[in-house]
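*Asks:* build the 3D model from these lines:
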Amino acid sequence: MSGNTRSFPSKGAVRRAGSTIRAFQRGEAGLHEMDSALTVIEEHRARHALPLVKVNNGLRRFCRSLEIDGEVTQRLKKVPTITDKLIRESGLDLSRMQDIGGCRVVVSDVQQLRLLEARIRKTWRDRIKRSSDYVSEPRESGYRAVHVVVEWDSCLVEIQLRTPPMHAWAQLVERLSGMTRTNHKQDGTSILQRYLAVVSRIDAFAEGLAPEPSQEDLDSLVYLGEEAMRVLRKAGL
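*Replies:* The predicted model follows:
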């Protein structure tokens, strides 16, 4: 044996690295400790690369066998995004962060989404650690998708299942968040968040997942859309 198997940090080391990031933010840790923590996070992130590819390949096989025209993509969360999340969610254990590795499948409609979800639940039932159905129960923000977290080679990988309208809505939120440097993905009551929530309800109706929009929703769509444009113009966008 060559003994070239890569060694990754232990769960305890990963957990401590997450705590150090928060301590540094509070001014309770030095630069040397921060640098060491970032090295651990880089190594922990790298550990997810191969499991992520395995999940991606499995999802592609499911799509082929079910004759689903699914767009399968993958990504590793960047280190600054990981540290931002650790600071934002003070109780989060880095060793159990579920979305360092993520796969997304965009399918043509809700029927295909449910078909693929059923295959994942049946074939990977022993790997599933948690799941969230934001299609049946959208978030207050309007976010809609199905999330399934699976464990592969001791790493958690989050799978997101979306239809094109769900994906287009989420991409719009990402763009607006980047443009305004404000995280509009979270639940909230800003003008932009209220506008996006109404857009999501109308999208859900178009996909047969929600009642017909009320006149109040239609009226507020116009008003909130105009207010959202004022906010963007004021921000110089």
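
*Asks:* quick one: residues in contact with the longest helix belonging to the chain.
*Replies:* Longest helix in the chain by number of residues (criterion: DSSP state H): helix 215-234. Helix 215-234 has contacts (C-beta atoms under 8 Å, 6 or more residues apart in numbering) with 176, 179-180, 191-192, 194-195, 198-199, 201-202, 213. No exception for glycine: its C-beta is placed from N, CA and C like everyone else's.

*Asks:* need the residue closest to the centroid of the chain.
*Replies:* For the chain, the residue nearest the mean C-alpha position is residue 99 (6.6 Å; C-alpha atoms, centre = their mean).

*Asks:* where does it fall, secondary structure wise?
*Replies:* Following DSSP states H and E, there is no helix or strand that holds residue 99.

*Asks:* quick check: it touching residue 155?
*Replies:* No. Using C-beta atoms under 8 Å as the test, residue 99 is too far from residue 155 to be in contact (11.3 Å).

*Asks:* one step back: name the nearest residue to the residue nearest to the centre of the chain, sequence neighbours excluded.
*Replies:* residue 158 (4.2 Å; C-beta to C-beta, 6 or more residues apart in numbering).

*Asks:* again with residue 129
*Replies:* Using C-beta to C-beta, 6+ apart and skipping the chain neighbours, the partner closest in space to residue 129 is residue 149 (4.8 Å).

*Asks:* next one: the lowest-mean-pLDDT helix or strand in the chain to chain centre, how far?
*Replies:* Among the helices and strands of the chain, helix 215-234 carries the lowest confidence by mean pLDDT, DSSP states H and E, at a mean of 85. With C-alpha atoms, centre = their mean, to the nearest Å as the basis, helix 215-234 stands 26 Å off its chain's centre.

*Asks:* rewinding a little: tell me the phi and psi of the residue nearest to residue 129?
*Replies:* Note on residue 149: backbone dihedrals following degrees, to the nearest 10 are phi -100, psi 120.

*Asks:* partners of it in the sheet?
*Replies:* Beta-bridge partners recorded for residue 149 (DSSP bridges): residue 130, residue 158.

*Asks:* what residues are up against it?
*Replies:* 98-99, 128-131, 156-159.

*Asks:* do residue 45 as well
*Replies:* Going by C-beta under 8 Å, 6+ apart, residue 45 touches 76-77, 79, 82, 100.

*Asks:* can I get those in JSON lines including secondary structure, neighbour count and distance to residue 140?
*Replies:* Below are these laid out as JSON lines (DSSP: H, G, I helix; E, B strand; the rest coil; neighbours: other C-beta atoms under 10 Å; distance: C-beta to C-beta, whole Å):
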{"residue": "76", "secondary structure": "strand", "neighbour count": "15", "distance to residue 140": "28"}
{"residue": "77", "secondary structure": "coil", "neighbour count": "17", "distance to residue 140": "24"}
{"residue": "79", "secondary structure": "helix", "neighbour count": "14", "distance to residue 140": "29"}
{"residue": "82", "secondary structure": "helix", "neighbour count": "23", "distance to residue 140": "25"}
{"residue": "100", "secondary structure": "coil", "neighbour count": "25", "distance to residue 140": "25"}
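
*Asks:* Serialize those residues to TSV and add fields for pLDDT and distance to residue 20.
*Replies:* Shown next, in TSV, are the contacts of residue 45 (pLDDT from 0 to 100; distance: C-beta to C-beta, whole Å):
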residue	pLDDT	distance to residue 20
76	97	21
77	96	18
79	96	14
82	96	13
100	97	17
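
*Asks:* list the buried ones in the least confident helix or strand of the chain?
*Replies:* Residues of helix 215-234 classed as buried: 217, 220-221, 224, 227-228, 231 (neighbour count, 16 or more other C-beta atoms under 10 Å).
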